[in-house]
Every structure is written in C-alpha cells, then in structure tokens.
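>>> pasting a predicted model and its sequence here:
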Amino acid sequence: MMKNDTVIDAHNISKIYNPETIPVFAVNDVHLHLNRGEFTALVGPSGSGKTTLLNLIGGLDRPDTGNILINNIDITKLSANKLITFRLNHIGFVFQSFNLIPVLTARENVEMIMHLQKSQRMDRDTRIKQLFEEVQLSDKIDSRPSQLSGGQQQRVAVARALASKPQFVLADEPTANLDSKSASNLLDIMAKLNTEEHITFLFSTHDQRVIDRARRVITLVDGKIVSDTLPTSTA
Amino acid sequence: MWLVRLAWLNLWRNKSRTLISMAAVFFAVVLSIVLSAITVGAFDNMIKNLVSYYTGYIQVHRAGYWDEQTLENSFRRSTSMEDSMMNVNSVSGITPRLESFSLAASGDVTKGVMVVGVNPKTENQATMLENKLVAGNYLNETGNEVLLCEGLAERLKLSLNDTLILIGQGYHGATAAGRYQVKGIVHFGSPDLNDRMLFMSLNTAQQLYSAEDMITSYVFVLQEHSDLDETAEQIRHLLSNHYEVMTWGDIMPEVKQHMESEIVTDRMFLVILDILVGLGIFGTLLMMMVERSFELGMLMAIGMKKSKMIFLLVSESVFTVMGGCIIGILASIPILYYLKINPIRFSGELAKAYERFGFEAVLPASTEPENFIWQGLVVLCIGLTLALYPVWKVIKMDPVSSMKR
Ligand SMILES: Nc1ncnc2c1ncn2[C@@H]1O[C@H](COP(=O)(O)OP(=O)(O)OP(=O)(O)O)[C@@H](O)[C@H]1O
Ligand SMILES: [Mg+2]
C-alpha cells in the first residue's frame, strides 16, 4: 500500500474530561491509521469513546495530546476558523439524526454545502442530480425533511456529506434511529459508494448487522483500541 | 443571497414565535408613537395656548428690566431693530408694549392696575386681544379710551362708556395722569390678570407716561414648530447686550418646570414599555437559541463559518424587528391623523382650568414625522441590540457541546 493512500494518521491522541476532579480518559493514547477506500466500523460498549474519537478525527473537538494528520495536514494546529473551512472541504459528516435543515428541501440541504464552497451553479446542478441518483432518492429531491422517512433523511445526509467531495466520511451511529430494513438499505448505499466511487467511510455502530458489513472493525474499550481486524480485501 | 433566503424561511418555521415577536415590536411602536404624539401634541398645544394668551413665545426687554420692571428700564422703539428681528426665519410677528403700574380711581374706589400700552393691530395678531372682548369695542390707534379686564371693572364698579382716572409716575419722574373712557370689557381666564389689567393704545400710554417712542418689551410670535431656543439665540445675536431676550420658559419658569417633569414621567412610561417589549423579544430569542442549538452546532460542524451564522441570525432578527416596526409605523399614521382631527377630550380639574382660560380641553396628536422616526428607531435599536444575544451565543459556540443532547 502506497503512503499517499493515507487519509487519516493519528498518533497518541487522548481526550481527558474533568482533568481536575475525576478524570475520564474518553480517548486514551490512540493510534489510528486509515487508508483511502476503507469501509471501517468503530465499535465498543456505550461510553467507550467512539463519539469522542470521531469528533477528534473530524476536527470538531481538540485532543489533549497527540497529532491528527489528514492529507498530511495536522488539524490540531489549525485555528478555529481554518478548521471550519477544513471540515467543509475535506470531511463529510453524517450524524445520528436531525441532519437536515427542516425549512430546506432535500436538494437545498445538499446544495447548501456547495454554496458554502462557492461552487458554480452549473456544477452544482449536475452534481446534485448525480448524488441523488447515488442515494436512490431522485424522486424525493424536492421534498422537505418532514416528508421523508428516517432512512430517506439519512440518505440525504449521505448525499450532503459527499457534496463537497471530501477525503472521507465520518458517521456516528448513522443507523441508530432506523429500523433494520432502512438500516440495511443505508448500508447498501454506503457500501456501493465505497466500492464503486472509492469513498472512504469510518462509522461507529452498536448494531451487529452493521458491523458484519464492515471490512475493518476497530474496537474501543475505555478509550483504548483493544482490537483492530484489518481489511480482508481492499476495494 | 441564499443565506438571506434561509433566514427568511427560518422566520416561518415557528410562525407563532415570529408573529409574537413581530406583534411585540408592532405594539411597542404603535403605543410609543401614539403616546409620544399625544404628549408632544398636547404640550405644543398647551404652549401655543399659553403664549398666545399673553406672554408670547419670546420677549425682548432692555437688559435688567425683568428684575426691575420700571419705566426707567424701557427703551426706544426702533423700526430698524424691528425689521432685522422680523428677518429671523421663524419669527412671524412682533408687537411692542409699554407696561407700567398706575392707580385707577373711579368715584371713591381706587385700585392699582397694570397699564398695558399695545399696538391694537399687531397685539391682536399676537394674542387675539379682540377675541377676549365681552362687551364694547376694540381699541383704536389713538384716543383716550381703554379696555378693562372684567374683574377689574367689577372692583372699580365701572361699566361701558364710564370714565376713570389714572394717576402714576411717568418716565424720568414725570407725573402721569389722565382721564379715560371704558371702550370695552375683556375677559381673561387667569384671575391674576383679570383683576388688574387695563389695555390702551401704545400712543395713549406713551402720552400718559411721558414716554414718547418708548416701550418696555417686544413680544414675539413664532411660526409653528420652530425651535424656540435657537430662535432666541438668533435674536440675541442680532441685539447688543443692552437688551435681554427671554423665552416663555424664562418668563414662566414654574410652568416650564411642570411641563418638563410631565415629559419625564411620560418618557419613563415609554422606557418601561420598551423594557417590557425587550424582555418579550429576548424571551423568544432565548427559546429560539435553545431549540436551534443542535442545528447551529451541526451547521458549524459541516463547515459553516461563524460569520455566516451570525449573518443568518441577525438577518432573522432584522426581518422580525423591521417588519414589526414598519407595520407599526404604517398603522400609526391613520391613528394619529384621526387623533389630530378628532382630538381626545379630557375632563376633570385640568379641563376646568383649561376652559377657564378659554382653551379647549383637548389633546391633539402631533403628526410630526420626527416623532414616527424617533419612536420607530428606538424600538428598532432595542430589537437589534437584543439580536446581539444570538451573536454572542454563536461566538461562544462549539459544535460538540451544542450537538450534545
Ligand atoms: N463533555 C463531557 N464531559 C465529561 N465527560 C464526557 C463528556 N463527553 C463524554 N464524556 C465521557 O467520555 C466517555 C466517552 O464518551 P463517548 O460519548 O465518546 O462514548 P461513546 O462510545 O460514543 O458512547 P455511546 O455508544 O453511548 O455513544 C464517557 O465516559 C463519557 O461519559
Ligand atoms: Mg456515541
């Protein structure tokens, strides 16, 4: 595997809550290396630090120790404002729920990212069309979030995460609020994007059926990686 | 542009909240405009009544006259001085007076009276003296005839066409004495004036007091809505320091003080109103920021800069507050015009006092544009100041804690 295939390279990262009183090592000296095209699940019991780790890697939170290199840029050294722009251009996010702005249509929710990136109208239109085809929601493109099912909303969130052409997509329990059918449908779409478009995904989950779909599974316990089953094959 | 559109859409996501905020602004604007229009209008009207009653808006005397009101402090009437004072923009009329005390005698009754020598024509323009006639006729330019105030006439037991004798001291110690016919009886609402005033033509008064060409004051009538203090300053500028220029407020300081304290009370009321409205708007902003904390955190997570979010939230506040303000101002216009044409009538002690002076007991609303703009601006400023709350929240915001639920 070539070095320039690296998208995330995190060393010695820790996040300690309440350092003065009863310290909680939410993330404890973690090393994480992720390559382009991976489809990786982050698992572990509740409170093991999955969300905290994803927030650190996504540049939403700052670690107390360590460095996080994305595309060879150390995001722990970026100013708050630069970090926002960095997230916009390099990282896609899918959250557990309420990803979408309720007053905007599905299309406008996705388009918003492109507005933030100041992309041209023409590029926007073709890209949006393509994204909605990929998440199989071309027929719901002008619906408002309230008119969509939870699974459909998460698929729009995936389309939005991809709108900026990010290096990778972080998803913190994207299926937690979905029934099993919608969950597996969302995983189908993510897996397809991974194999066909080489989109890199790192997602946390509790759901064994979702874990089974991953090609690499990282297990956290008490903020430490206790097991890391490497990919059996690469896309 | 898309952010402005998003702000607009956000306004309607919680219609009732937006409408409550707008309604709060609307009522604040309407109430403060109407209240201050009535206050301003009522005071304008009261001042107009008051000054056109006797004192005029401004008086010019020889320096020192006000402290020592004697003929020795009179001055020579000058047409060139009058012309230059008439040239001051807001001055619409000037009338000269010669005022001094005398004893009035009729039969065996004697009383101290205030003799006011006036130019019949210009005096009438300034204080509508002729309208105060209850019997007889108005003064001519010359002739040994006087107008007696009703109360004084009673005390002297005089009626129309009777004669009375005035005895006093004239200019430079000359003896002043004369015999005059009662040409008319005038009624003054103020008992103070009604019991001691006597009017004659300026020429007659100058003869009586051997004060040819001399006067004690010029009384000014101003155009409507002119700036009193500024006009007084302009007149002061024209004259040497041999003269004193006094506004009605200097002449009647108690009245002015009373009005000012009334204005302060009204202002306080408006401030309380504004605070209440401000609290109402602040409450809705507080609620909104709690409700939307997750969403704003998420927007920041996916790459919206704080400056953009601030723009978004301030736009939302501007839409709400401006909307309420503009509708409020528009709604106040017909209300004020209605209140100007059909002024509020009041009753009670004050109304009796008003009517005694011959004024109508009404509170006409002022329709000066200044008032609309000011009250609208005040509420707008309050609204926009409150919009700093979401701005401050966004500045402090970090995505992780705002997205925690
Ligand atoms: N803001 C905070 N202050 C203090 N402790 C925190 C804070 N956020 C998280 N923690 C603690 O850090 C640890 C890791 O939390 P985290 O949310 O990352 O776990 P998780 O693996 O995502 O759990 P779950 O599966 O329930 O989502 C927990 O013990 C949690 O209580
Ligand atoms: Mg979690």
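Looks like it came in fine. Ligands and ions are numbered 1, 2, ... in the order given.

>>> longest strand in chain B, please.
strand B:91-106 (DSSP state E).

>>> how about chain A: which residue is closest to chain B?
As assessed by CB to the nearest CB, chain B sits closest to residue A:88 within chain A, at 2.5 Å. All C-beta atoms are positioned from the backbone trio N, CA, C, and that covers glycine.

>>> report the contact partners of that residue.
Taking CB atoms under 8 Å, 6 or more residues apart in numbering or on different chains as the criterion, residue A:88 is in contact with A:113, A:116-117, A:164, B:302-304.

>>> re earlier: need the mean per-residue confidence for the longest strand of chain B.
In this model, strand B:91-106 has an average pLDDT of 94.

>>> repeat for stretch B:273-291
Mean pLDDT, stretch B:273-291: 88.

>>> what about that stretch, distance to the chain center?
35 Å (CA atoms, centre = their mean, to the nearest Å).

>>> on contacts alone, who are the packing partners of the helix or strand hosting residue A:195?
According to DSSP states H and E, residue A:195 maps onto helix A:180-197. With contacts defined as 3 or more CB pairs under 8 Å, 6 or more residues apart in numbering or on different chains; DSSP states H and E, helix A:180-197 has these neighbours: strand A:39-43, helix A:121-134, helix A:150-163, strand A:201-204, helix A:208-213.

>>> and the second one, does that touch chain B?
No. Remark: helix A:121-134 sits outside contact range of chain B, by CB under 8 Å from any CB of the partner chain, the gap being at least 10.9 Å.

>>> kindly format the C-alpha coordinates of that helix as PDB.
Only the C-alpha atoms of helix A:121-134 are listed here, as PDB (Å, rounded to 0.1, in the frame of the first residue of the first chain):
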ATOM      1  CA  ARG A 121     -24.400  26.900 -10.500                       C
ATOM      2  CA  MET A 122     -23.800  24.500 -13.400                       C
ATOM      3  CA  ASP A 123     -21.500  22.300 -11.500                       C
ATOM      4  CA  ARG A 124     -24.000  22.300  -8.600                       C
ATOM      5  CA  ASP A 125     -26.900  21.100 -10.700                       C
ATOM      6  CA  THR A 126     -25.200  18.200 -12.300                       C
ATOM      7  CA  ARG A 127     -23.500  17.100  -9.100                       C
ATOM      8  CA  ILE A 128     -26.800  17.200  -7.100                       C
ATOM      9  CA  LYS A 129     -28.500  15.200  -9.800                       C
ATOM     10  CA  GLN A 130     -25.800  12.600  -9.600                       C
ATOM     11  CA  LEU A 131     -25.700  12.500  -5.800                       C
ATOM     12  CA  PHE A 132     -29.500  11.900  -5.600                       C
ATOM     13  CA  GLU A 133     -29.200   9.100  -8.100                       C
ATOM     14  CA  GLU A 134     -26.500   7.500  -6.000                       C
END
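
>>> look up how far ligand 1 lies from the residue of the stretch 51-200 of chain B found nearest chain A.
Relative to chain A, the nearest point of the stretch 51-200 of chain B is residue B:90 (55.0 Å; CB to the nearest CB). Residue B:90 sits 69 Å away from ligand 1, going by CB to the nearest ligand atom, to the nearest Å.

>>> ok so, going back, now do the buried residues in the longest strand of chain B.
B:91-92, B:94-100, B:102, B:104, B:106 (16 or more other CB atoms under 10 Å in any protein chain shown).

>>> try stretch A:96-106
So stretch A:96-106, judged by 16+ other CB under 10 Å, has buried residues A:96-101, A:103-106.

>>> could you export those residues to CSV, including columns for secondary structure?
Formatted as CSV, those follow (DSSP: H, G, I helix; E, B strand; the rest coil):
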residue, secondary structure
A:96, coil
A:97, coil
A:98, coil
A:99, coil
A:100, coil
A:101, coil
A:103, coil
A:104, coil
A:105, coil
A:106, helix
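
>>> let's have those in a markdown table, adding pLDDT and distance to ligand 1.
As requested, the buried residues of stretch A:96-106 are exported to a markdown table (pLDDT from 0 to 100; distance: CB to the nearest ligand atom, whole Å):
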| residue | pLDDT | distance to ligand 1 |
| --- | --- | --- |
| A:96 | 93 | 9 |
| A:97 | 88 | 13 |
| A:98 | 86 | 16 |
| A:99 | 90 | 17 |
| A:100 | 95 | 21 |
| A:101 | 95 | 24 |
| A:103 | 95 | 29 |
| A:104 | 96 | 28 |
| A:105 | 96 | 30 |
| A:106 | 97 | 27 |
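
>>> and the furthest pair within those?
A:96 and A:105 (21.9 Å; CB to CB).

>>> the residue most central in space within chain A: helix or strand, and which one exactly?
Centroid check for chain A by CA atoms, centre = their mean gives residue A:170 as the closest residue, at 1.0 Å. When elements are assigned from DSSP H and E, residue A:170 belongs to strand A:168-172.

>>> distance from that strand to the middle of the chain?
With CA atoms, centre = their mean, you get 1 Å for strand A:168-172.

>>> that strand pairs with which strands?
Strand A:168-172 sits in its sheet next to strand A:91-94 (parallel), strand A:201-204 (parallel), going by DSSP bridges.

>>> just to check, residue A:45 is in contact with residue A:221?
Yes. Residue A:45 is within contact range of residue A:221, at 6.7 Å (criterion: CB atoms under 8 Å).

>>> got the residues of chain A near chain B?
Counting by CB under 8 Å from any CB, chain A comes close to chain B at A:55, A:58, A:60-61, A:81, A:84-85, A:87-89, A:93, A:95, A:98-99, A:101-104, A:111-113, A:115-116, A:160-161, A:164.

>>> residue in the stretch 251-400 of chain B nearest to chain A?
The stretch 251-400 of chain B approaches chain A most closely through residue B:303 (2.5 Å), counting by CB to the nearest CB.

>>> what is the burial count for the residue nearest to residue A:163 when sequence neighbours are not counted?
With sequence-adjacent residues excluded and distances taken as CB to CB, 6 or more residues apart in numbering or on different chains, residue A:163 is closest to residue A:113, at 4.1 Å. Per other CB atoms under 10 Å in any protein chain shown, the neighbour tally for residue A:113 reads 25.

>>> wasn't residue A:113 part of a helix?
Yes. Per three-state DSSP, residue A:113 lies within a helix segment.

>>> would you agree it is in contact with residue A:159?
No. Counting by CB under 8 Å, residue A:113 stays clear of residue A:159, with 9.5 Å between them.

>>> please name whichever of the strands paired with strand A:168-172 is nearest to residue B:33.
Residue B:33 lies closest to strand A:91-94 among these, at 48.8 Å (CB to CB).

>>> which outside residues touch the closest one?
Residues outside strand A:91-94 that contact it (CB under 8 Å, 6+ apart): A:58-59, A:70, A:87, A:154, A:157-158, A:160-164, A:166-172, A:174, A:203, B:298, B:301-302.

>>> same question, stretch B:323-337
For stretch B:323-337, contacts defined as CB under 8 Å, 6+ apart pick out B:21-30, B:33-34, B:37, B:365-367, B:372, B:376, B:379-380, B:383.

>>> buried subset of these as a PyMOL selection?
Those of the contacts of stretch B:323-337 that count as buried under 16+ other CB under 10 Å are selected in PyMOL with:
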select buried, chain B and resi 21+22+23+24+25+26+27+28+29+30+33+34+37+365+366+367+372+376+379+380+383
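
>>> okay, the strands paired with strand A:168-172 in TSV with mean pLDDT and distance to residue B:324 next?
Listed next are the strands paired with strand A:168-172 as TSV, based on pLDDT from 0 to 100; distance: least, CB to CB, whole Å:
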stretch	mean pLDDT	distance to residue B:324
strand A:91-94	97	37
strand A:201-204	97	46
